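Engineer: Task: produce atomic coordinates for the following.
(one chain, ligands or ions: 2)
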Amino acid sequence: MTTGRADTDPANFPEIQTGGSLMIAWQIKGKRVLLVGGGEVAATRLVHLLSADALVTIIAPSPLHPEVSFRLQQFPNSLTWIDRPFMPTDLLDHPDTYSLVLTAIDDPVASSAIYNLAHQLKIPANIADVPSECDFYFGSVHRDGPLQIMVSTNGKGPRLASAIRKLVAKALPRNAGRAIEQMGELRKELRTVAPEQREGKRRMEWIKQVSDAYGWEDMGEMTGEDMKNLVAWYKKQPEEGEEDGVVVPTPDELRALRKENKKEDVVQKKVDAHQA
Ligand SMILES: C[C@@]1(CC(=O)O)C2=NC(=C\c3[nH]c(c(CCC(=O)O)c3CC(=O)O)Cc3[nH]c(c(CC(=O)O)c3CCC(=O)O)/C=C3\N/C(=C\2)[C@@H](CCC(=O)O)[C@]3(C)CC(=O)O)/[C@H]1CCC(=O)O
Ligand SMILES: NC(=O)c1ccc[n+]([C@@H]2O[C@H](COP(=O)([O-])OP(=O)(O)OC[C@H]3O[C@@H](n4cnc5c(N)ncnc54)[C@H](O)[C@@H]3O)[C@@H](O)[C@H]2O)c1
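Structural biologist: Numbering: from 1, shown residues only. Ligands and ions are numbered 1, 2, ... in the order given. The predicted model follows:
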């Protein structure tokens, strides 16, 4: 956040340790990915790709790993299987088809050839187990609805990444994923009732206060009715003073509204009482 004051003391700026990788959440939904190989590692790649709603062409000769066969049945609209080894024309004849190329095959020579073709066509590629032929590495991923946590050791110790991922998952609040899902709903709802650009600052302050004031349990257990009451509360707030006028109900106040009748003036009364 800008303070309006030019602060030039480097001690106030984040320290930078170079030599890492760029950690991003790639929006691959609806885009096509080439996955070469149909074994155990290919099955793990499919878990990541399907979780991200990608479309996947799998090229691998029979037999497939049972999990890969299962995914083909489970996601017939997202997955296509070509039952043979990879051929260079798979890429050369389709230079604009694939957003991403992954290999998970037990053939280092074929792997390198595929990497070189992808490189030539400027398609990002991951060659499982060959860091020098990876434009990006996979990480160890924990998923709970919209919550996605990726642990990477930047190639130093994949098994340790897996161990850290398990530790992190254990330390999370029980319903973190659900609470985040609910927060997404609330943010969406607020943007529809207060879409104007000038509302942005107030809206953000409101969401910040809700995020800070509500525990994970409160957030996870919020009902549709609670959200309507919260949005009604927001709308009843005085607009003057922008973010300074923003007050959120406590979780108890919000729950109390459930039992009372749903007339808007009840919300108005509570807003007034809270601000008094
Ligand atoms: C995280 C995970 C994600 C996934 O693949 O889904 C992943 N490897 C996992 C497991 C795993 N892989 C290996 C073992 C055996 C034990 C060991 O060697 O430690 C185990 C552990 C096991 O099987 O228990 C063998 C291995 N892997 C690589 C090499 C080559 C090298 O390092 O040079 C070798 C040695 C081959 C050899 O020695 O011949 C390379 C890579 N593996 C990566 C990712 C990338 C770096 C990510 C990072 O460092 O954070 C990177 C660079 C490229 C890539 O593949 O993207 C997944 C855990 C998923 C989970 O359980 O949650
Ligand atoms: N990064 C990781 O997490 C990790 C972990 C373990 C193994 N690996 C590596 O990943 C690779 C695959 O491992 P796996 O356990 O899935 O092996 P696997 O033997 O189970 O599967 C290999 C698959 O590749 C297919 N294949 C081989 N040559 C092909 C070609 N030219 N075209 C298309 N398909 C081809 C096979 O038919 C098979 O489906 C190996 O190199 C292994 O060392 C990576």
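
Engineer: residues from the chain in reach of ligand 2?
Structural biologist: Proximity of the chain to ligand 2, by C-beta under 6 Å from any ligand atom, involves residues 36-42, 59-61, 65, 85-86, 104-107, 110, 128-129. In short, each C-beta sits where N, CA and C put it, glycine included.

Engineer: what's the first-to-last distance across stretch 70-86?
Structural biologist: Start-to-end span of stretch 70-86 (C-alpha to C-alpha, to the nearest Å) is 21 Å.

Engineer: Okay, buried residues for that stretch please.
Structural biologist: By 16 or more other C-beta atoms under 10 Å, the buried positions in stretch 70-86 come out as Arg71, Leu72, Ser78, Leu79, Trp81, Phe86.

Engineer: Tell me the spacing between the nearest residue to the first one once chain neighbours are set aside and ligand 1.
Structural biologist: Sequence neighbours aside, Leu46 is the residue nearest to Arg71 in space, at 5.0 Å (criterion: C-beta to C-beta, 6 or more residues apart in numbering). For Leu46, the distance to ligand 1 (C-beta to the nearest ligand atom, to the nearest Å) stands at 11 Å.

Engineer: Where does Leu46 sit, in terms of helix or strand?
Structural biologist: Element membership for Leu46, per DSSP states H and E: helix 40-51.

Engineer: For that helix, report the contacting residues that lie outside it.
Structural biologist: 28, 33, 35, 56, 58, 60, 65, 67-68, 71, 75, 78-79, 102, 104, 128, 138, 141, 143 (C-beta atoms under 8 Å, 6 or more residues apart in numbering).

Engineer: Swap in 10 Å and give it another go.
Structural biologist: Contact partners of helix 40-51, identified using C-beta atoms under 10 Å, 6 or more residues apart in numbering, comprise 28, 33, 35-38, 54-56, 58, 60, 64-72, 74-75, 78-79, 100, 102-106, 126, 128-129, 138-139, 141, 143, 148, 150.

Engineer: a helix runs through Met150, doesn't it?
Structural biologist: No: judged by DSSP: H, G, I helix; E, B strand; the rest coil, Met150 forms no part of a helix; its state is strand.

Engineer: what are the bridge partners for it, then?
Structural biologist: In this entry, Met150 is beta-bridged to Val141, by DSSP bridges.

Engineer: Mind listing what's buried along the one helix or strand Met219 maps to?
Structural biologist: Assigned by DSSP H and E, Met219 belongs to helix 216-220. Using 16+ other C-beta under 10 Å as the test for burial, helix 216-220 gives Asp218, Met219, Gly220.

Engineer: re earlier: including pLDDT, could the buried residues of stretch 70-86 go into CSV?
Structural biologist: As requested, those are exported to CSV (pLDDT from 0 to 100):
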residue, pLDDT
Arg71, 98
Leu72, 98
Ser78, 98
Leu79, 98
Trp81, 98
Phe86, 98
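
Engineer: Just send these back as TSV, with secondary structure and distance to Asn116 too.
Structural biologist: Converted to TSV, these look like this (DSSP: H, G, I helix; E, B strand; the rest coil; distance: C-beta to C-beta, whole Å):
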residue	secondary structure	distance to Asn116
Arg71	helix	28
Leu72	helix	28
Ser78	coil	28
Leu79	strand	26
Trp81	strand	24
Phe86	coil	13
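
Engineer: shaky segments in the stretch 101-250 of the chain?
Structural biologist: 197-199, 238-245 (pLDDT under 70).

Engineer: I'd like to know which of the residues of the chain next to ligand 2 are buried.
Structural biologist: 36-39, 41-42, 59-60, 65, 86, 104-105, 110, 128.

Engineer: Give me the subset of those residues that lies in strands.
Structural biologist: Of those, the ones assigned to strands by DSSP state E are Val36, Ile59.

Engineer: Which pair of the buried ones among the residues of the chain next to ligand 2 spans the longest distance?
Structural biologist: The largest separation in those, counting by C-beta to C-beta, is between His65 and Ala110 at 17.8 Å.

Engineer: mind listing what's buried in the strand or helix carrying Thr192?
Structural biologist: Counting by DSSP H and E, the element that carries Thr192 is helix 176-193. Residues of helix 176-193 classed as buried: Ala176, Gly177, Arg178, Ala179, Ile180, Glu181, Gln182, Met183, Leu186, Glu189, Leu190 (neighbour count, 16+ other C-beta under 10 Å).
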